[in-house]
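Visitor: Sequence isn't available, so here's the structure alone:
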Ligand code: MG
């Protein structure tokens, strides 16, 4: 099963910038109810999407005070629990970030490591790619940042849940 996630957040001066679970040194950051991590938000939607389990807004409404300033890793961990409860786990995730600046090249290894940890995957199965938008559109004007994530999800071999489903 394949899931696709997309997320966008506005950027503003003086806000913090967290991407792929890593805090980036930057004078601009995301305006958000949580930490505004577009990569992890898109990852959650990709994981949920693979099994038709809804979207991040349904599971974590931005009107809920519990999620104010929340680390987005909490959302990924919850999505992983939901997948495991169905007898599934991701086998790879591929992330693309669109951000004009700052450059995140130096942060990519740490982002891959963090995402791999959250998704219980070897680092080789986690891809983090980044591009600018060539100064075009909201990303190019540094008004916003967005990310796409694709996740492939497969049955966990020997899962009790899967055995029940298969014999039903
Ligand atoms: Mg978001």
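Guide: Right, received. Where do you want to start? The model shown is predicted, which means the values in this text are computed figures rather than measured ones.

Visitor: excluding its backbone neighbours, what's nearest the closest residue to the ion within the chain?
Guide: When you check the chain against the ion by C-beta to the ion, the closest residue turns out to be residue 41, at 3.6 Å. Quick note: C-beta positions are derived from backbone N, CA and C, even for glycine. Spatial nearest neighbour of residue 41, excluding adjacent residues (C-beta to C-beta, 6 or more residues apart in numbering): residue 7 at 3.9 Å.

Visitor: just to revisit the earlier point, what number of residues lie near the residue of the chain closest to the ion?
Guide: For residue 41, the neighbour count with other C-beta atoms under 10 Å is 29.

Visitor: Which of the three states applies to it?
Guide: The assignment at residue 41 comes out as helix when based on DSSP: H, G, I helix; E, B strand; the rest coil.

Visitor: Surely it touches residue 8?
Guide: No: look at residue 41 against residue 8 with C-beta atoms under 8 Å: they stay out of range, at 9.0 Å.

Visitor: Touching both of those two, which residues are there?
Guide: Taking C-beta atoms under 8 Å, 6 or more residues apart in numbering as the criterion, residue 41 and residue 8 both touch residue 147.

Visitor: Quick one: residues contacting the residue nearest to residue 41.
Guide: Contacts for residue 7 (C-beta under 8 Å, 6+ apart) come out as 38, 39, 41, 42, 45, 56, 146, 147.
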